[in-house]
Every structure is written in structure tokens, then in C-alpha cells.
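# sequence and computational prediction follow.
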2 protein chains.
Amino acid sequence: MSTPGRGLHGHVLDTLGPAITAGEYPPGSVLRTDELAQRFDVSRSVMREAVRVLESMHLVASRRRVGVIVQPASEWNVYDPQVIRWRLAGADRPRQLRSLTVLRSAVEPVAAGLAARHATPEQCAELTERALGMVANSRGHRLEQYLVHDVAFHRVILDASGNEMFARLGDVVAEVLAGRTHHEVMFEDPDPAAVTLHVQVAEAVREGDAARAEKLTREITEGALQELDILAP
Amino acid sequence: MSTPGRGLHGHVLDTLGPAITAGEYPPGSVLRTDELAQRFDVSRSVMREAVRVLESMHLVASRRRVGVIVQPASEWNVYDPQVIRWRLAGADRPRQLRSLTVLRSAVEPVAAGLAARHATPEQCAELTERALGMVANSRGHRLEQYLVHDVAFHRVILDASGNEMFARLGDVVAEVLAGRTHHEVMFEDPDPAAVTLHVQVAEAVREGDAARAEKLTREITEGALQELDILAP
DNA sequence: CGCTTCAAAAAAGTCAGACTTGTATGTCAC
DNA sequence: GTGACATACAAGTCTGACTTTTTTGAAGCG
């Protein structure tokens, strides 16, 4: 996953990034470039490049005569795919997964509505195909195959929305769905009602019924929220 | 705006970033670090740091023996605040503003619903205050003051949702609202109906009525969509 | 005692040059 | 044409010296 070992600079990032996002360095902690370079056994040039990248993610801020200051989480670029991966890999995973699921619940229904208006015939076809793939793997503990189709289904919806911001959330949704299958709930076969909803969403998109596609997708994402016990008291 | 001139490296970014996001270098274009360093009259070290940052935004990819390759827009980290600013500053501005408005229309209603559940008394108070501020400046061409309260209102909603991903969209919403006031529509006083909706949202949040807060906010964002002619045929 | 002013130190920032490494590309033999 | 191999190119890395900014604190003064 990701892009491992694309240079020394990458290795430093893969160590420092997760450490910072995991909260190992409290906000306000001060690091020194030279010391870090020694610790990772790289030159200052390499270390400086890594720090620059962390700085662009607002994980740290670098100030003259002071050092490299770890920023509070409220400053982080939490939409940076790299940051998301680091956080999902750490102790913050459950909280992160919940945040992303809520985001999903906001975005996907609207995306589905737009998809009903803008989807190409090819996208409609793949959507139907994926929904059928979900049905075919919905029984008999074929969770992995089911997941493949599920992820693809939601990716098509996001792409077909025609909105670039939505489309770029495909990886996030994939991560959430995979996380649910692998680490959280869902030890049994998926909920048959959810499977049916996917088939119906594909129908609604194909028919260009935006309101119905949105409503049905909202039911799907509300199910996801309930699985994580995120709902009104 | 932003953080100008925080070093030579920053100046390079402020020039190259907008150029790439504006499409001045078609995807696949190959740049060479040495040549760029000469062009900007900086050392290779500085140029390398800048390239690393652009690479972390997926605006470029750097490959040995080839050079620095400009990536297609589909690869960009479009949620990076820096990238958003660069694109809003360029020719892509209208399209970008539309994308962000759609994103807003998906997120804000859900955020308002959550805010109704999680808002603190202080947040409820500020919400009401901001709504009143909007009313007070809704007539007599006080667009600037109106905007200040409008932006603050939506920021509170996003913060009060308790969802970190939503909260970080505050700047995006601010940008969209400011863009609308300064460059797009709205030469006249704001729509009275919209002002009333804000007051009612504040009410609903204060009363903890999540469903109503969500519905009312959806009406607000749908108004914003209509202003940009984004709607069903 | 409190204030300003100025000097020193510390760490990031910058630069220049030499060297290493991975990888396209072209050449040659088969 | 296909393969192995040599070559050159550009990114990658390292080092050491120098500059700049900013904090700190000490000296000097009211």
C-alpha cells in the first residue's frame, strides 16, 4: 500500500509521519533538524526535504532559531491521503474511521443524486454489474469478493457524480469499507437489506431518478452509521 | 493571504504551484530540477525542497533519469488548502467554486444536524448572535459586514458538528461565500428568505431539533446551488 | 528596580561542488 | 526481431562552509 521506500526521504516520512499523527510528540514539542538527521542516519538535505513535506501537511512548523515545532491536530491537513493513511494505521484508527464514515454519510447520497443525472451508459452498466456481484457474493462467507464489488460500486457512484471533490473521496470510502470488513463488525454475511438497497440504487441511477437514488443511498449510509453507533439519542 | 515569502522555497512554490494548477504545464510535461533552479535563481537544495512539496501534493512526480513530471489533475490533492487557493486564484476559479459549492451542499446539512445534537451553549449563543448580525446587515448594501457574520455562522455550524473532517471545511466555505459576494452574483442585498432560514437554523440547533436543522440548512445550500445554476434539468 | 539597547549564540536557511545510483536508450551480437 | 550490455543522463545523496533571523541575556542607563 502507498508508496514505500521512494528514497531515504520517504523512509523518514514513513517513520516520522505516523509518530506525529499518533501523538507521540505532543503539540508544541520542538525537534531539531540536525538531531533528527543523526537519528535517522541521513544527511541534513534529506532531513530538510522530509521536514518540508511535513510542514506542507501542517503537521509541523519550522521556525528559525527555534526548531521544528509539532502542530496541534487542529492544524493538520486531515484530508491529505497520506495523513489519513498514517492515522488509520495508528491508535487513532477507530476515531478516524468514525469521522470518515460520517463524511461518507454526507457525501454519498448527494453524489448518488448527481450520478443519476450525469452517469454515462458505461457507468450505469458497471454499477449494475457491481450490484449483481454483491448479490452473488452476499452469502457463504465470501466477504472478500463482496468487498471488492462494494468498493467498486461506491467508486463508480462518486466518479459518476461528475464532481471532482467527490471523486477524490473514492480512496477514503474504500478504506472505510475495508476497515469495516477486516477489523470492525461484519463477521457474518452482509445484511440482505443493504444488498437490496445497492441493487435499487443502481436501478434509480439507470433510470435517472435522482431523488430516489439519493434517498436510497442515504439509507445505506445510515446503516453504516448505525453499525458504529453513531445516531441520535 | 496564506503565508507568503516564508523563504526562497516558498517563493518558488507560490510561482510554480499556481502555474501547474492553471494548466500552464500540460500533464506529462517534464521539468528538470537544475533548469528550474537556474530559472528561479536558487540553489538546487531549495529547488529540491519545493519539488518535494509539490510531489506530496501529487502535482508532480519525480523520477530518476527522467525528471519532474507534471501529473494530470485527476492525481492532485484537491483538498489541500494550498491547492484550493492556487486554483481559486487562477483561471479555474469558476469551476472550482462550483465544485466546492456542491461539496458544501452535501456537508453542511449533515453538519447542522450533528450540531443540533452536540452544540455547546456557547456555540448556540454565537450562532444566534451571528444570525442576528446577518439580519442587522441584510439591508442597505452592507454586504461586507453581512459576509463576516455569514462566514462565522457557517464556521460555528461546522465546528459544532463535532466532526473533525467537517470542521476543517470552514476555510472552504469561507472562500465560497466570499467568492460569491465579491466576484459572482449578489450585487443586491441578500435574499430575505435566506436570512430567515439562517435564523431558523439557529433556532433548530438551539432546540436540539436535528431533523429540522438539517432540512433548513439543505434549503440554504440548495439556494446556493441555484445561484450557480446547478440543478436538475 | 525597571527599562532600553546591544551583543552573542543557536538553529534554520542557503549555497556550491563532488559523488552515487537508478534507469531510459541505443548498440551490438545473435 | 530479440536479447544482453554499455553508456549517459538526471535525480538522489552527502559534506562543509557560510548567512540570516530571532531568542536570550547581559550591560548600560534612567
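Perfect, thanks for sending it.

# how far does stretch A:157-176 sit from the chain's center?
Relative to the centre of its chain, stretch A:157-176 is centred 10 Å away, using CA atoms, centre = their mean, to the nearest Å.

# typo on my end, it should be stretch A:139-153
With CA atoms, centre = their mean, you get 18 Å for stretch A:139-153.

# could you do stretch A:93-107 as well?
With CA atoms, centre = their mean as the basis, stretch A:93-107 stands 8 Å off its chain's centre.

# so which bits of it are buried?
The neighbour-count check on stretch A:93-107 (16 or more other CB atoms under 10 Å in any protein chain shown) flags A:96-107 as buried. From N, CA and C alone the C-beta is placed, and that goes for glycine too.

# of these, closest to chain B?
If you rank the buried residues of stretch A:93-107 by distance to chain B using CB to the nearest CB, residue A:106 comes first, at 3.8 Å.

# list the residues that contact that closest one.
B:106-107, B:109-111, B:166 (CB atoms under 8 Å, 6 or more residues apart in numbering or on different chains).

# what does chain A put close to DNA strand C?
A:31-34, A:44-45, A:48, A:51, A:62-68 (CB under 7 Å from any atom of the strand).

# from those, which land in helices?
A:33-34, A:44-45, A:48, A:51 (DSSP state H).

# now these in TSV, with neighbour count and pLDDT?
Formatted as TSV, these follow (neighbours: other CB atoms under 10 Å in any protein chain shown; pLDDT from 0 to 100):
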residue	neighbour count	pLDDT
A:33	15	97
A:34	11	96
A:44	14	97
A:45	15	97
A:48	23	98
A:51	26	98
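
# closest to DNA strand C among the residues you listed?
Set against DNA strand C, the nearest of those by CB to the nearest atom of the strand is residue A:33 (3.8 Å).

# domains of chain A?
According to automatic domain parsing, chain A comprises the domains A:8-75, A:92-227.

# can you map out the helices along chain A?
Using DSSP H, the helices of chain A run over A:8-21, A:33-40, A:44-56, A:81-88, A:93-118, A:121-136, A:143-160, A:164-167, A:170-182, A:192-207, A:210-227.

# so which residue of chain A lies furthest out from the middle?
residue A:65 (37.5 Å; CA atoms, centre = their mean).

# and that one, its phi and psi?
phi 70, psi -10 (degrees, to the nearest 10).

# what residues are up against it?
Applying CB under 8 Å, 6+ apart to residue A:65 gives no contacts.

# tell me the contacts of the closest residue to residue A:149 other than its chain neighbours?
Excluding its sequence neighbours, the residue lying closest to residue A:149 (CB to CB, 6 or more residues apart in numbering or on different chains) is residue A:133, at 3.5 Å. Residues near residue A:133 by CB under 8 Å, 6+ apart: A:145, A:148-149, A:152.

# quick one on the thing from earlier: how close does the residue farthest from the centre of chain A get to DNA strand D?
4 Å (CB to the nearest atom of the strand, to the nearest Å).

# what residue is smack in the middle of chain A?
residue A:172 (1.9 Å).

# isn't it right up against residue A:84?
Yes. Look at residue A:172 against residue A:84 with CB atoms under 8 Å: they come within range, at 6.6 Å.

# who touches both of these two?
residue A:100.

# so which elements touch the worst-scoring helix or strand of chain A on mean pLDDT?
Using mean pLDDT, DSSP states H and E, the weakest-scoring helix or strand in chain A turns out to be helix A:170-182, at a mean of 91. Packed against helix A:170-182 by the contact rule (3 or more CB pairs under 8 Å, 6 or more residues apart in numbering or on different chains; DSSP states H and E) you find helix A:81-88, helix A:93-118, helix A:143-160, helix A:210-227.
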